[in-house]
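>>> Any chance you can model this:
(2 chains)
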Amino acid sequence: MTEEKQKDFIRIRNVSKHFGDFVAVDDVDLTIGQGELFSILGGSGCGKSTLLRMMAGFETPTGGTIEIDGVNVTALPPYERPVNMMFQSYAIFPHMNVEKNIAYGLRKDGLAEGEIAQRVDDMLGLVQLGDFRKRKPDQLSGGQRQRVALARALIKEPKVLLLDEPLAALDKKLRERTQFELMNIQDKLGITFVVVTHDQEEAMTLSTRIAVMEKGRFLQIGEPKEIYEYPRSRFVADFIGTINTFEGNVAESGADTITVNCPDVPAPVHVLRDAEVNVDVDAGQSVCIAVRPEKIFISLEQPEDDEAVRIRGVVDDLGYFGNRSLYRIRLETGRMIQVSRQNQRRSAKRFVEWDDEVWVSWRPRSAIIITSED
Amino acid sequence: MAATGESMTWRRVAVALPYLWLLVFFLLPFAIILKISLADPIIAQPPFTPIFNEQGGLSVTLDNFLFLLTDKLYAITYLKSVLMALAATVLCLLLGFPMAYGIARSAPSVRSLLLLLIVLPFWISFLLRVYAWMGLLNNYGVINNTLMWIGIIDQPIQIMYTDFAVFIGLTYSYLPFMILPLYATLERMDLDLIEAAQDLGASRTQSFWDVTWPLARPGVIAGCLLVFIPAMGEYVIPYLLGGPESLLIGRVLFDEFFVNRDWPLASSVAIVLLLLLVVPIVFMQRNEAKLEEAE
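Below you'll find the model as predicted:
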């Protein structure tokens, strides 16, 4: 036995799930490493929950295999899998108190009462519910119920913990705090977490890696930063945060820079090649330039940087969010783009107003090229 | 503030109404029955002695209750009624639970149709349905004829006019009262709970006993009461389907009242029947509340 963490702790191979004519999960492959906090991100109906339920054993795949720690679990019923699940509804047993809910899994394993008591105590400490052990679920707040659900799923020390929208039912403040608690607990126990979520912000902060799912398939799998900074398709770019896209044709595909002509931009746009942006493009190919709103600068004067992409526009709308402001700029072609700007200075006076003529600009390194059609 | 005062008045009226209803249609008749049960039977109109005699003194007697205690027939009849009602309740539960479960888990489009089928018999007169059972259970009824035609039996089995026929009749008639409250609790149940139990290591059977059954308990209790209470006092079914030996308390009550015209004894039979029902139910409900506290 090696202490080294397995890279392919969970192996999902060619897994599909059909409900009649509807294909919920379409022939997907995925490997998740031991101790990872992996998120499957997608909109409703993208197949993420079905995939999770197949890992838990509540659905049988139409095709393909699921292996956990080298064991093929595809045909095993839920109660024989080394996996536990935290339900979106929490599914806390309403007729049992906190303690009995948490102890349930150990009781089913037939452990001695002494050991059960000890482990329940430890778990109550971990999720900070020691004072609530005798409470009934209907006497708990949303956050407390969430922790009962977590404790109940963790107490069997599963090899994998599946979490279905773990934070969706909490309000914003509580969600942020719970995110960090969840990460701490995962770090402390070293259990592999697989989280299903529709909330891209949640996925970004929680996960070591994210898989973006759409129509039963993975569009991109990678670290949060990779997915955010280098989306490989328009769907991923748009799903994770906001992005400005400019359609265009490749003018020149050089060794260091790619030059693209975009109808919305007066001058040719240069995009720097680097380790991540290293696409094969030919001259004349239609591509898409994508820039995040926070990577675009806004100024009243024309920027001096000659390398930068500079476009004139008019402030169409602006929104104040406290820490940052969001601007919608109408370009000369009528195209709208979004720019965000940190409010670094405390000032009652806005730095630009509605209908001001401004310059927007970004550095060649800030943009990426998307070649895929979707 | 005037509006609040007005709504308070209305709230009081709304709360008072059911109490008023119970007072007029339950407590008052009960008081009258209680009064009659303490009188002596006489051949007159009405057939019992007045509660106040000519001198204005109270004239009550416990003779009727003492008679019920000393005559073994009544004790046996009460016991038999309890057993019969219990047996019918248990069979209703055994048949009703899977049916209610099946309906609650069926596709929503089929569900309303299935529920309709459960209540459909109510559209036909109760008496007609019992007569239909007579046609089925007769010596030359549908069941016996079919069995003889197949060749399983040579001569009819006596089903009609036995306790067994009463048992079948009670179960058939009260089954919907078991199914409906059970359905109501099972339908509300969160299916995630069963999956959660299985996820935590419970087999299908274990998840049923750990989760489904305890959560269905309010429905089970309601259903059992709805079957047991009317079955206990049932008169028509034992009268029509039962034989001379299937003496159930409802029948005895009827006979005392209309055949013997012994109103005071009939009233005391009714009061003992009520006590037999109310005392255990109150006890059970208190127990249930305690159980809830403990968990």
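>>> and chain A, which residues reach chain B?
When proximity is defined by C-beta under 8 Å from any C-beta of the partner chain, chain A lies next to chain B at A:56-58, A:77-79, A:83-85, A:87, A:89, A:91-97, A:100, A:104-105, A:108-109, A:136, A:152-153, A:156. In short, each C-beta sits where N, CA and C put it, glycine included.
>>> Sort out for me which of the residues you listed are in helices.
Among the residues of chain A next to chain B, the residues falling in helices (DSSP state H) are A:A56, A:K100, A:Y104, A:G105, A:K108, A:R152, A:A153.
>>> Highest neighbour count among those?
When neighbours are counted by other C-beta atoms under 10 Å in any protein chain shown, A:R152 leads these with 30 neighbours.
>>> Farthest pair within the ones in helices among the residues of chain A next to chain B?
The span of these, defined through C-beta to C-beta, is set by A:A56 and A:K100 at 22.1 Å.
>>> show me the contacts for the closest residue to A:E307 other than its chain neighbours.
Leaving aside its sequence neighbours, A:E307 sits nearest to A:P364 (C-beta to C-beta, 6 or more residues apart in numbering or on different chains; 5.8 Å). Counting by C-beta atoms under 8 Å, 6 or more residues apart in numbering or on different chains, A:P364 makes contact with A:T257, A:H270, A:V271, A:L272, A:E307, A:A308, A:V309.
>>> Tell me the one of those residues nearest chain B?
Using C-beta to the nearest C-beta, A:V271 is the member of the contacts of A:P364 that sits closest to chain B, with 48.1 Å.
>>> next one: the helix or strand harbouring that closest one to chain centre, how far?
According to DSSP states H and E, A:V271 maps onto strand A:269-272. Its chain's average C-alpha position is 28 Å from that of strand A:269-272, according to C-alpha atoms, centre = their mean, to the nearest Å.
>>> Tell me the helix or strand right after it.
strand A:286-291.
>>> buried sites along whichever helix or strand comes after that next one?
Heading C-terminal from strand A:286-291, the first helix or strand you meet, by DSSP H and E, is strand A:297-299. Across strand A:297-299, burial judged by 16 or more other C-beta atoms under 10 Å in any protein chain shown covers A:F297, A:I298.
>>> care to break chain A down by domain?
Taking automatic domain parsing as the domain assignment, the ranges for chain A are A:10-237, A:245-370.
>>> For B:P47, which of those is the nearest?
Among the domains of chain A, domain A:10-237 sits nearest to B:P47 (C-beta to C-beta), with 53.6 Å.
>>> Can you tell me the SS state at B:T9?
Counting by DSSP: H, G, I helix; E, B strand; the rest coil, the backbone at B:T9 sits in helix.
>>> Kindly report the same for A:G319.
When classified by three-state DSSP, A:G319 comes out as strand.
>>> Can you tell me the centre-most residue of chain A?
Nearest residue to the geometric centre of chain A (C-alpha atoms, centre = their mean): A:A203, 2.9 Å.
>>> Can you point out the helix or strand that includes that residue?
Counting by DSSP H and E, A:A203 is part of helix A:200-206.
>>> And A:V120, by the same measure?
Per DSSP H and E: A:V120 is located in helix A:113-126.
>>> Can I get that helix in PDB, CA atoms only?
Provided in PDB are the C-alpha atoms of helix A:113-126 (Å, rounded to 0.1, in the frame of the first residue of the first chain):
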ATOM      1  CA  GLU A 113     -23.100   1.400  21.000                       C
ATOM      2  CA  GLY A 114     -19.900   2.600  22.800                       C
ATOM      3  CA  GLU A 115     -18.100   3.300  19.600                       C
ATOM      4  CA  ILE A 116     -21.100   4.800  18.000                       C
ATOM      5  CA  ALA A 117     -21.400   7.300  21.000                       C
ATOM      6  CA  GLN A 118     -17.800   8.200  20.700                       C
ATOM      7  CA  ARG A 119     -17.900   8.800  17.000                       C
ATOM      8  CA  VAL A 120     -21.100  10.800  17.200                       C
ATOM      9  CA  ASP A 121     -19.500  13.000  19.900                       C
ATOM     10  CA  ASP A 122     -16.500  13.600  17.600                       C
ATOM     11  CA  MET A 123     -18.700  14.400  14.700                       C
ATOM     12  CA  LEU A 124     -20.900  16.700  16.700                       C
ATOM     13  CA  GLY A 125     -17.700  18.600  17.700                       C
ATOM     14  CA  LEU A 126     -16.500  18.800  14.100                       C
END
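>>> Identify the residues contacting that helix?
Residues from elsewhere that reach helix A:113-126, judged by C-beta under 8 Å, 6+ apart: A:98-99, A:102-103, A:106-107, A:111, A:130, A:133, A:151, A:154-155, A:185, A:188.
>>> thinking again about what came up before, taking the contacts of A:P364 together, which two end up most distant?
The distance between the two most remote of these (C-beta to C-beta) is 13.2 Å, for A:T257 and A:A308.
>>> List the buried residues of stretch B:283-293.
Using 16+ other C-beta under 10 Å as the burial criterion, none of the residues of stretch B:283-293 qualify.
>>> In PDB, list the C-alpha atoms belonging to it.
In PDB, the C-alpha atoms belonging to stretch B:283-293 read as follows (Å, rounded to 0.1, in the frame of the first residue of the first chain):
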ATOM      1  CA  PHE B 283     -54.800   6.400  26.600                       C
ATOM      2  CA  MET B 284     -53.200   5.700  23.200                       C
ATOM      3  CA  GLN B 285     -53.100   9.300  22.200                       C
ATOM      4  CA  ARG B 286     -51.400  10.300  25.400                       C
ATOM      5  CA  ASN B 287     -48.900   7.500  24.900                       C
ATOM      6  CA  GLU B 288     -48.300   8.700  21.400                       C
ATOM      7  CA  ALA B 289     -47.600  12.200  22.600                       C
ATOM      8  CA  LYS B 290     -45.100  10.900  25.100                       C
ATOM      9  CA  LEU B 291     -43.400   8.700  22.500                       C
ATOM     10  CA  GLU B 292     -43.000  11.800  20.300                       C
ATOM     11  CA  GLU B 293     -41.400  13.700  23.200                       C
END
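>>> now it: mean pLDDT?
Per-residue pLDDT values over stretch B:283-293 give a mean of 80.
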